[in-house]
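J.: build me a model from this:
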Amino acid sequence: MSRIGKLPIAVPSGVTVTIDGSTVTVKGPKGELSRSFQPVISIKQEGDQIVCAPLDETREANAFHGLTRTLIANMVEGVSKGFSKKLQLVGVGYRAALKGKNLEMQLGYSHPVLVEAPEGITFEVPSQTEIVVTGPSKEQVGQVAANIRKWRKPEPYKGKGIRYEGEYVRRKVGKAGKD
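T.: Numbers count the residues shown, from 1 in each chain. Predicted structure coming up:
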């Protein structure tokens, strides 16, 4: 049995959890998330805690045990606190701005790049070279940040591109000049 899966999930005040068979719905101040899980895992609410347990000792049940617990814990944390990813734009002329709810970026192309905010995701631009992606779903925030980063991945020679905050880009030496 999974060591992580055995731990109960504390439900903070202001968050309501509804369990309908293998579907869990979590509502809180930051939004509402719903997800269906494998039927080999038993999910129960005991007071202000959620407990996950495998229904049998098969390999499949043990494999989903820790994953199910972690996904539910992320749902509870997301609707109560929310998740965010910070991106940095590095390069001459690279900048970002908000156009309504959408994000407009100048990335060295002949045209501006417009990224539409999916439902539940918000963009913030504290400065022209910083982007903050926030939302209640950890998966969705990470995917939107990865899609933005995909427009200009950091390149190893000059270090230009879009990178996560704190990401280290290993630099390569360019061509050696003739002596």
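J.: note down every partner strand of the helix or strand where residue 98 lies and its orientation.
T.: Element membership for residue 98, per DSSP states H and E: strand 95-99. With DSSP bridges as the test, strand 95-99 is paired with strand 102-106 (antiparallel).
J.: now the element after the strand it pairs with, going C-ward?
T.: The helix or strand immediately downstream of strand 102-106 is strand 113-115, counting by DSSP H and E.
J.: if we can go back for a sec, what mean pLDDT does the strand holding residue 98 have?
T.: Averaging pLDDT along strand 95-99 yields 95.
J.: okay, buried residues for that strand please.
T.: By neighbour count on 16 or more other CB atoms under 10 Å, the buried set for strand 95-99 is residue 96. No exception for glycine: its C-beta is placed from N, CA and C like everyone else's.
J.: centre of the chain to it, how far?
T.: 21 Å (CA atoms, centre = their mean, to the nearest Å).
J.: ok, stretch 30-47 next?
T.: Its chain's C-alpha centre and that of stretch 30-47 lie 19 Å apart, by CA atoms, centre = their mean.
J.: how about residues contacting that stretch?
T.: Stretch 30-47 is contacted from outside by 8, 11, 17, 19, 21-26, 50-56, 58, 60-61, 64-65, 68, 71-72, 75, 78-82, 120, 135-137, using CB atoms under 8 Å, 6 or more residues apart in numbering.
J.: mind listing what's buried along that stretch?
T.: For stretch 30-47, by 16+ other CB under 10 Å, it's 30, 33, 35, 37, 40, 41, 42, 43.
J.: about what we covered before: please list the members of the contacts of stretch 30-47 that lie in strands.
T.: Assigned to strands by DSSP state E, the following of the contacts of stretch 30-47 qualify: 17, 19, 23, 24, 25, 26, 50, 51, 52, 53, 54, 135.
J.: show me which of the residues you listed are buried.
T.: Buried positions within those, assessed by neighbour count (16+ other CB under 10 Å), are 17, 19, 24, 26, 50, 51, 52, 53, 54, 135.
J.: what pLDDT does the model give the last one?
T.: It refers to residue 135. 95.
J.: how close does residue 15 get to residue 142?
T.: Here the distance between residue 15 and residue 142 works out to 21 Å (CB to CB, to the nearest Å).
J.: more neighbours, these two?
T.: A direct count of neighbours by other CB atoms under 10 Å for residue 15 and residue 142 places residue 15 higher, at 18 against 15.
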